[in-house]
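# following is a predicted model, sequence given first.
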Amino acid sequence: MIELMRSTDPTMIAFATAMLQGEDITTFPLDVHMSVLEGSSGFLPRRLMVLERDLWRARIVLADNDIPTGL
């Protein structure tokens, strides 16, 4: 899996995941439960991973929907 985007905004990760799943692109969010370690302050970014074969399609979907990847 390849990192597609990272963000401290959980709604952005959720929106990107929904958009990608709508295009049949498998996603896997990482660092979702890091709030336990950080004390729910939201300064640790969450990452969204995709399969390497879907990376270019995923980038196009995010770009078409004005979703910043942060990379």
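Sure thing, it's come through.
# quick one, strands of this protein?
2-7, 27-30, 46-50 (DSSP state E).
# next, the buried residues of the second one.
Buried positions in strand 27-30, judged by neighbour count with 16 or more other CB atoms under 10 Å: Thr27. Any C-beta I mention is one placed from the backbone N, CA and C, and that applies to glycine too.
# that strand: how far from the chain's middle?
Chain-centre distance of strand 27-30: 7 Å, with CA atoms, centre = their mean, to the nearest Å.
# list the helices and strands that strand packs on?
Packing partners of strand 27-30 (3 or more CB pairs under 8 Å, 6 or more residues apart in numbering; DSSP states H and E): helix 10-22, strand 46-50.
# grab the most central residue of this protein for me.
Geometric centre of the chain, nearest residue: Leu48, 3.0 Å, by CA atoms, centre = their mean.
# hang on, that one packs against Thr27?
Yes. Using CB atoms under 8 Å, Leu48 is in contact with Thr27, at 5.8 Å.
# anything in contact with each of the two?
Between them, Leu48 and Thr27 share these contacting residues under CB atoms under 8 Å, 6 or more residues apart in numbering: 4, 16-17.
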